[in-house]
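Undergrad: Could you look at this predicted model? Sequence included:
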Amino acid sequence: MGTVMFEDDLAISGTVEAATREEVEQRLSRLQSQSQSLLASAVAEAWRLLCRRRYAP
């Protein structure tokens, strides 16, 4: 499994000292939405593969 790359490296690396509270909240919000979409796409792919295997000719 490869490394997951996020668009906002600052939020991941923790280098948010100079950021305002609003900027930090926006970064965290973006990270959460990316994580959810990553999880949702992984689950959808797993179901697709399971269904394809089950119903394969």
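TA: Okay, I see it.

Undergrad: and L50, helix, strand or coil?
TA: Following DSSP: H, G, I helix; E, B strand; the rest coil, L50 is assigned to helix.

Undergrad: Apologies, that question was intended for Q36.
TA: Secondary structure assignment for Q36 (three-state DSSP): helix.

Undergrad: Likewise for the one 5 residues further on?
TA: Following three-state DSSP, the label given to S41 is helix.

Undergrad: avg pLDDT for stretch 40-47?
TA: Averaging pLDDT along stretch 40-47 gives 82.

Undergrad: same check, this time on stretch 22-35
TA: Averaged over stretch 22-35, pLDDT sits at 74.

Undergrad: Near V24, how many other residues are there?
TA: 14 (other Cβ atoms under 10 Å). (Each C-beta comes from the backbone N, C-alpha and C, glycine too.)

Undergrad: Now it: which helix or strand?
TA: Using DSSP states H and E, the element containing V24 is helix 21-54.

Undergrad: what helices or strands is that helix leaning on?
TA: Applying 3 or more Cβ pairs under 8 Å, 6 or more residues apart in numbering; DSSP states H and E, one finds that helix 21-54 contacts helix 9-13.

Undergrad: Distance of L28 relative to Q34?
TA: Relative to Q34, L28 is positioned 11 Å away (Cβ to Cβ, to the nearest Å).

Undergrad: More neighbours: which of the two?
TA: When neighbours are counted by other Cβ under 10 Å, L28 and Q34 differ, and Q34 comes out ahead with 16 against 13.

Undergrad: From R52, how far off is the more buried one?
TA: Taken as Cβ to Cβ, the span from Q34 to R52 is 27 Å.
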